[in-house]
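[1] Fold the stuff below for me.
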Amino acid sequence: MVAPTPTTSARSARLGLRATPEQEAVLRRAAEVSHKSLTDFILDSACSAAEQTLLDQRLFFVSGSQYQALMDLLERPEQSNDGLRDLFARRAPWDTK
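    Presented below is the predicted three-dimensional model:
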C-alpha cells in the first residue's frame, strides 16, 4: 500500500521528467478528477506501480539461516489439515454444474 502523500515541506528529493503534450494533458485531467495536485497524482501513481513491480518479483534474497529455515519447513512430513480438506471438498460458488 502506498504511504500517504507527505506535505510539501517534508519533500526533499527532486525528480524531473519530460512528457509529450498528450501525456501531460492526460495526467493533468486524471489529477483533476482525482482531486489531487499533478505532483501528488504522479507520485501516488508512480509509487503504486513501483510497489507492484517490487511485489511481482520472483527472485528473493534471504540469509543462509532464512533459507535453511524454509528448507526445513519444506522437508517436514505433511500434516493433516481438516480445514483444507473441508475447503477442497466443497463445490466452488461459481461452479454451477
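
[2] residue closest to the middle of this protein?
    residue 52 (3.4 Å; CA atoms, centre = their mean).

[3] Could you list the buried residues of the one helix or strand it maps to?
    Assignment of secondary structure by DSSP states H and E places residue 52 within helix 38-55. The neighbour-count criterion (16 or more other CB atoms under 10 Å) identifies 41-45 as the buried residues of helix 38-55. (Each C-beta comes from the backbone N, C-alpha and C, glycine too.)

[4] how far is the helix or strand of the chain with the lowest mean pLDDT from where the chain is centred?
    The helix or strand of the chain with the lowest confidence, counting by mean pLDDT, DSSP states H and E, is helix 82-89 at a mean of 93. The offset between the C-alpha centroid of helix 82-89 and the centroid of the whole chain comes to 29 Å, using CA atoms, centre = their mean, to the nearest Å.

[5] Please apply the same query to stretch 12-25.
    Centroid displacement of stretch 12-25 relative to its chain, using CA atoms, centre = their mean, is 23 Å.

[6] Buried residues, that stretch. List them.
    Of the residues in stretch 12-25, none has enough neighbours to count as buried (16+ other CB under 10 Å).

[7] which residues touch it?
    In this structure, residues lying in contact with stretch 12-25 by CB atoms under 8 Å, 6 or more residues apart in numbering are residue 27.

[8] Other residues contacting stretch 54-65?
    By CB under 8 Å, 6+ apart, the list of residues contacting stretch 54-65 from outside reads residue 70.

[9] and the end-to-end length of it?
    End-to-end span of stretch 54-65 (CA to CA, to the nearest Å): 23 Å.

[10] Retrieve the pLDDT associated with residue 8.
    Looking at residue 8, its pLDDT is 52.

[11] oh sorry, the question was meant for residue 73
    pLDDT for residue 73: 94.

[12] in the least confident helix or strand of the chain, what counts as buried?
    So for helix 82-89, nothing qualifies as buried (16+ other CB under 10 Å).

[13] How about residue 30: what's its closest non-neighbour residue?
    For residue 30, the nearest residue in space outside its immediate sequence neighbours is residue 41; the separation is 6.1 Å by CB to CB, 6 or more residues apart in numbering.

[14] From the rest of the structure, what touches stretch 86-95?
    The set of residues external to stretch 86-95 that reach it, using CB under 8 Å, 6+ apart, is empty.
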